[in-house]
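Q: this one's structure only:
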Ligand code: SF4
């Protein structure tokens, strides 16, 4: 008896730079190539196809890409040119022509909205003499044509609900590389969330470059906001936790703020980039809000959900930023008190308005300002972590810890947690006591009487009870 014909097994290596949205996209590219017989491998050596999924936000993004391509060129030559080499993501979108000119051995260049076309592009690349390029913006088409998520992501799963951005901040390439805002229909998001939960997800993080601008078509034909979508998702049986990232202060509407008080499964932690504490700089950045607007949103979030903790992004040394502006940023940080935050030195992105702006801040000055911002944020993070000492919290365990006999997980505030226990606890949300705190993590003891234990699937409201 002969076995049914199967596509021959080929090895696929995907290298991902950048944010969770790129990680999500890399997984979807692997999904879309699976029917062609491609199975993921951990290293590029001997891979039949390598995809470099790039991020334009990171500093020196194209230099990193070209140095990686230089390494892969030798590998491709060693295979007699058979290895398929693809460059995806935002750098591909923004610099497609330069990539094919500087690295003519690249077979495929595709922007973030073309991943569903990969199989067809692989076939075309095997016939074509030059690179196959797709850098258009048909976002709706992409989501309609991608296959269902196949590989389980584990207890914490990511789900892209929105892409692109219309806000055109002075320093950012996203509107140019990902195109205009597009929200997936709510029914597609809900169906994907249910599949993720069926595959073992206990926490889902909704992703979007501007996630709280979500305005997807609801199953009732009405446009749903993010607040409405979160309420619906919170009802999925077995889903214990919800988060969303990344948000813009301008889109923190009343309904979304209220949702933080009404949905226990919505974790008391929000990443809300403010970038600067100076109104003058915020205006130059084209952020569309003042520092006081951000502070008001924080107050309202805290009123709705008193245990909420905040994270943010800061840019030190945007063109035109003065010492006074920098001091305003330090004051805002002091006023808010962040649980954690990301801060970067301004670095120019070609094609963005800020890159052409006058009065670039000298490097040494940017360094000094960044150090001051980071020192303050570090102190706040340490203080926040210390404030959890002795607290009873719910921890979602995700897998083995770094040391034998340890299990790792996440607190409601996204802090890494480790406790004594076995990896079989992965996927469980358990009550723990915080027994030690570190600058970047917590140590916890699993309590004897788990309040989720008696129930099938820990109910969402255990989070609030525990915090
Ligand atoms: S809102 Fe965010 S994604 Fe959009 S332009 Fe500004 S920084 Fe970029």
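A: Ah, there it is. As the structure is a prediction and not an experimental result, all values here were calculated from the model.
Q: what's around residue 228, how many residues?
A: Residue neighbour count, defined by other C-beta atoms under 10 Å, stands at 19 for residue 228. To be clear about C-beta, it is placed using only N, CA and C from the backbone, and glycine gets the same treatment.
Q: residues contacting it?
A: 186, 218, 255 (C-beta atoms under 8 Å, 6 or more residues apart in numbering).
Q: do that again at 10 Å, thanks
A: 186, 214, 215, 216, 218, 222, 255, 256, 259 (C-beta atoms under 10 Å, 6 or more residues apart in numbering).
Q: need the residues you listed in JSON lines (columns: pLDDT).
A: Below are these laid out as JSON lines (pLDDT from 0 to 100):
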{"residue": "186", "pLDDT": "97"}
{"residue": "214", "pLDDT": "97"}
{"residue": "215", "pLDDT": "96"}
{"residue": "216", "pLDDT": "95"}
{"residue": "218", "pLDDT": "95"}
{"residue": "222", "pLDDT": "96"}
{"residue": "255", "pLDDT": "97"}
{"residue": "256", "pLDDT": "98"}
{"residue": "259", "pLDDT": "97"}
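Q: what is the nearest of those to residue 445?
A: Closest approach to residue 445 among these (C-beta to C-beta): residue 259, at 32.2 Å.
Q: that closest one falls within a strand, correct?
A: No: remark: residue 259 does not belong to a strand; assigned using DSSP: H, G, I helix; E, B strand; the rest coil, it is helix.
Q: does it touch residue 267 like I think?
A: No: the criterion here is C-beta atoms under 10 Å, and residue 259 misses it with residue 267 at 11.9 Å.
Q: between these two, which is the more surrounded one?
A: Each of residue 259 and residue 267 has its neighbours counted (other C-beta under 10 Å); residue 267 has more, 28 against 23.
Q: before we move on, back to that, who touches both of residue 259 and residue 267?
A: In contact with both residue 259 and residue 267: 242, 244, 305, using C-beta under 10 Å, 6+ apart.
Q: can you pull out the strands in the stretch 301-450 of the chain?
A: Shown for the stretch 301-450 of the chain, the strands assigned by DSSP state E, counting those that start in this stretch span residues 309-316, 340-345, 392-400, 406-410, 416-420, 429-437, 442-446.
Q: as TSV, those strands with distance to the ligand and mean pLDDT would be great.
A: Formatted as TSV, those follow (distance: least, C-beta to the nearest ligand atom, whole Å; pLDDT from 0 to 100):
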stretch	distance to the ligand	mean pLDDT
strand 309-316	8	96
strand 340-345	12	92
strand 392-400	28	95
strand 406-410	25	95
strand 416-420	26	95
strand 429-437	31	96
strand 442-446	30	96
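Q: want to throw the ones you listed into TSV with distance to residue 166?
A: Shown next, in TSV, are the strands of the stretch 301-450 of the chain (distance: least, C-beta to C-beta, whole Å):
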stretch	distance to residue 166
strand 309-316	19
strand 340-345	23
strand 392-400	34
strand 406-410	32
strand 416-420	35
strand 429-437	37
strand 442-446	39
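Q: and of those strands, who's closest to residue 27?
A: strand 392-400 (16.7 Å).
Q: buried sites along that closest one?
A: 393, 394, 395, 396, 397, 398, 400 (16 or more other C-beta atoms under 10 Å).
Q: any idea what the second one is bridged to?
A: Pointing back at residue 394 there. residue 431 (DSSP bridges).
Q: thinking it is in contact with residue 411, fair?
A: Yes: the pair residue 394 and residue 411 qualifies as a contact (C-beta under 10 Å) at a distance of 8.0 Å.
Q: flag every residue of the chain that's near the ligand.
A: Proximity of the chain to the ligand, by C-beta under 6 Å from any ligand atom, involves residues 165, 167, 168, 169, 172, 174, 175, 209, 210, 248.
Q: and those, which of them are in strands?
A: Per DSSP state E, strands hold no members of the residues of the chain next to the ligand.
Q: by neighbours, which of the residues you listed wins?
A: Each of the residues of the chain next to the ligand was scored for neighbours by other C-beta under 10 Å, and residue 209 scores highest at 25 neighbours.
Q: need the contact list for that one.
A: 19, 21, 57, 112, 160, 162-165, 167, 172, 174-175, 177-179, 181, 245-246, 248.
Q: go again with 7 Å.
A: Residues in contact with residue 209, defined by C-beta atoms under 7 Å, 6 or more residues apart in numbering, are 21, 163, 164, 165, 174, 178, 246.
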